[in-house]
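Colleague: quick one: sequence plus predicted model below, questions after.
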Amino acid sequence: MNMSRTTTSPRTSDVLRDPVHAPTPNLPSWTFLTNHAHVMVALDRDPDLRQRDLAYAVGITQGAVQRILDELVHAGFLRREKVGRRNHYEIVAKEPLRHPLDVKHNIGELLSMLRD
């Protein structure tokens, strides 16, 4: 009898789709979006995700998630509210993108394009 435990929580599976994490042969390892953007996409789908679930979703360490969350809060893209022992994140959709080529657009526009 196989009693192995799974390392992903049900909440993570709600955010992720297996095809996203399945290895795809013949594709380069880089992606168009940064880890910061991937954290925002995951939080847009579920603003109550735990840091470990964000780390799994994005494919980075929990320490990297903590740093990214702190940067996004400090830059005004996210608001963090403590709810019990967990955090709830609110995306500030009107915050303009930071790169000079993108400054006429805001994070809400980007996230709306990437919604399921």
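Modeller: Right, received. Where do you want to start? Keep in mind that this is a model prediction, so the values were computed, not measured.
Colleague: now do the SS call for the spatially most central residue of the chain.
Modeller: The chain has V39 as the residue nearest its centroid, 2.0 Å off, counting by Cα atoms, centre = their mean. For V39, the assignment made with DSSP: H, G, I helix; E, B strand; the rest coil gives helix.
Colleague: could you check how far the residue lying closest to it once chain neighbours are set aside is from R45?
Modeller: Sequence neighbours aside, I68 is the residue nearest to V39 in space, at 5.1 Å (criterion: Cβ to Cβ, 6 or more residues apart in numbering). Every C-beta, even on glycine, is put in place using the N, C-alpha and C of the backbone. Relative to R45, I68 is positioned 16 Å away (Cβ to Cβ, to the nearest Å).
Colleague: between those two, point out the one with more neighbours.
Modeller: I68 (23 against 16; other Cβ atoms under 10 Å).
Colleague: can you confirm the residue nearest to V39 is in a helix?
Modeller: Yes: with three-state DSSP as the criterion, I68 is part of a helix.
Colleague: mind pulling up the pLDDT for it?
Modeller: The model reports I68 with a pLDDT of 98.
Colleague: kindly report the same for the one 3 residues further on.
Modeller: With respect to pLDDT, E71 has a value of 98.
Colleague: likewise the one 10 residues further on?
Modeller: We note a pLDDT of 97 for E81 in this prediction.
Colleague: got it, and P28?
Modeller: So P28 comes in at 76 (pLDDT).
Colleague: pull the CA atoms of stretch 64-81 into PDB?
Modeller: What follows is stretch 64-81, C-alpha atoms only, in PDB (Å, rounded to 0.1, in the frame of the first residue of the first chain):
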ATOM      1  CA  ALA A  64      12.300  34.600  -3.000                       C
ATOM      2  CA  VAL A  65       8.500  34.800  -2.600                       C
ATOM      3  CA  GLN A  66       8.900  36.700   0.600                       C
ATOM      4  CA  ARG A  67      11.300  39.200  -1.000                       C
ATOM      5  CA  ILE A  68       9.000  39.600  -4.100                       C
ATOM      6  CA  LEU A  69       6.000  40.200  -1.900                       C
ATOM      7  CA  ASP A  70       7.900  42.800   0.200                       C
ATOM      8  CA  GLU A  71       9.000  44.600  -3.000                       C
ATOM      9  CA  LEU A  72       5.500  44.600  -4.500                       C
ATOM     10  CA  VAL A  73       4.000  45.900  -1.200                       C
ATOM     11  CA  HIS A  74       6.700  48.600  -1.000                       C
ATOM     12  CA  ALA A  75       6.200  49.600  -4.600                       C
ATOM     13  CA  GLY A  76       2.400  50.000  -4.100                       C
ATOM     14  CA  PHE A  77       1.300  47.100  -6.300                       C
ATOM     15  CA  LEU A  78       0.000  45.000  -3.400                       C
ATOM     16  CA  ARG A  79      -1.700  45.600   0.000                       C
ATOM     17  CA  ARG A  80      -1.100  43.000   2.600                       C
ATOM     18  CA  GLU A  81      -3.600  42.400   5.400                       C
END
